[in-house]
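S.K.: Please find the sequence and the predicted model below.
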Amino acid sequence: MKKLIVSMLVVTLVGLGAFSVVAQDKGPEVIKLPAKMGEVTFPHSMHQDKIGVDCAVCHHQGAGTKCTSCHGQNTVVDGKTAPKFMKAAHKNCRGCHEELAKAGKPAGPTKKNCKGCHSGPKKKK
Ligand code: HEC
Ligand code: HEC
Ligand code: HEC
Ligand code: HEC
């Protein structure tokens, strides 16, 4: 009996170990970002997997934190204030798409195609 309990414990611990390796929270597959310009439907997991963008390119303060927990809240990190989310989002999202488009590579919507991102209903003021 004691041997059985010990071996069950070993199985449980090995199981937990394996779990912690694969259990990174990758967040929602698709994220809706409401905007007066029109809601942005952001294909999150497509950017992670198919496009292969590193988490840290966007989550520059660590994965799993909402951008809007700092952007739009005047949060200060290392003496620098987080700009409004619109500014950060346009720089991050549109910025990457524009660089790729300039290089003639497949890219997402750019400045020329606001509706490519702002495709949803307008948020009421
Ligand atoms: C690559 C995607 C993308 C493109 C292209 C884009 N935007 Fe945005 N925009 C965003 C995201 C993401 C936000 C942040 C949404 C939020 O705050 O929830 C945003 C926010 C905004 C906001 C402020 C939030 C609001 O309530 O409206 C305005 C205004 C805006 N965009 C205008 C534009 C205009 C004008 C263009 C075209 C010249 C454009 N955007 C193109 C992604 C994009
Ligand atoms: C192209 C940019 C981009 C990439 C790459 C990216 N994310 Fe995100 N992620 C976002 C945005 C934007 C949000 C929505 C944040 C918000 O609502 O303020 C988000 C939200 C999340 C959330 C939910 C946060 C919450 O509290 O609601 C998690 C978890 C997350 N991402 C994890 C990851 C992980 C892990 C990776 C890498 C495997 C990753 N993300 C790659 C942009 C990105
Ligand atoms: C813990 C707070 C925090 C979180 C969470 C955060 N940011 Fe930031 N971010 C900042 C601060 C502070 C700055 C200003 C830093 C600087 O100027 O060097 C900044 C700057 C930026 C910039 C550069 C803006 C510019 O005009 O140069 C971009 C782009 C950006 N963030 C995107 C994002 C995105 C996208 C997310 C979510 C996936 C996110 N940030 C989450 C605090 C945060
Ligand atoms: C580091 C580069 C990079 C960043 C950062 C990035 N994207 Fe993209 N995005 C791409 C590429 C590349 C594609 C095009 C993939 C294709 O067509 O094969 C794309 C495609 C898209 C599309 C079109 C999806 C479709 O089904 O056609 C949308 C919408 C989009 N991105 C929104 C965003 C938003 C919103 C953000 C910021 C939260 C963002 N992207 C950040 C590289 C990026």
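M.R.: Structure's in. What do you need? Numbering: from 1, shown residues only. Ligands and ions are numbered 1, 2, ... in the order given.

S.K.: Give me every residue in this structure lying close to ligand 3.
M.R.: 58-61, 65, 67, 69-71, 75, 77, 80, 82-83, 87-88, 91-92 (Cβ under 6 Å from any ligand atom). To be clear about C-beta, it is placed using only N, CA and C from the backbone, and glycine gets the same treatment.

S.K.: from those residues, which ones fall inside helices?
M.R.: 58, 87-88 (DSSP state H).

S.K.: Low-confidence stretches in this structure?
M.R.: The chain contains residues with pLDDT under 70 at 1-23.

S.K.: Would you confirm that Lys36 contacts Gly120?
M.R.: No: Lys36 lies out of contact with Gly120 (Cβ atoms under 8 Å); the separation is 11.3 Å.

S.K.: distance of the closest residue to ligand 2 within the chain from Lys112?
M.R.: Minimum separation of the chain from ligand 2 (Cβ to the nearest ligand atom) falls at Gly27, amounting to 2.5 Å. To Lys112, Gly27 is 29 Å away according to Cβ to Cβ, to the nearest Å.

S.K.: Ok, Val77 next?
M.R.: Taken as Cβ to Cβ, the span from Val77 to Lys112 is 33 Å.

S.K.: and the chain, which of its residues are near ligand 2?
M.R.: 24-27, 31, 42, 44, 47-48, 53, 55, 57-59, 63-64, 66-68.

S.K.: Let's see which of the residues you listed end up in strands.
M.R.: 31, 42 (DSSP state E).

S.K.: Now list the buried members of the residues of the chain next to ligand 2.
M.R.: For those, a burial check counting by 16 or more other Cβ atoms under 10 Å picks out 42, 47-48, 58, 67.

S.K.: tell me the contacts of Gln48?
M.R.: Contacts of Gln48 were listed using Cβ atoms under 8 Å, 6 or more residues apart in numbering, and they are 26, 55.

S.K.: scratch that, Val53 is what I was asking about
M.R.: Counting by Cβ under 8 Å, 6+ apart, Val53 touches 47, 96.

S.K.: Could you rerun that using 6 Å?
M.R.: By Cβ atoms under 6 Å, 6 or more residues apart in numbering, the contact set of Val53 is His47.
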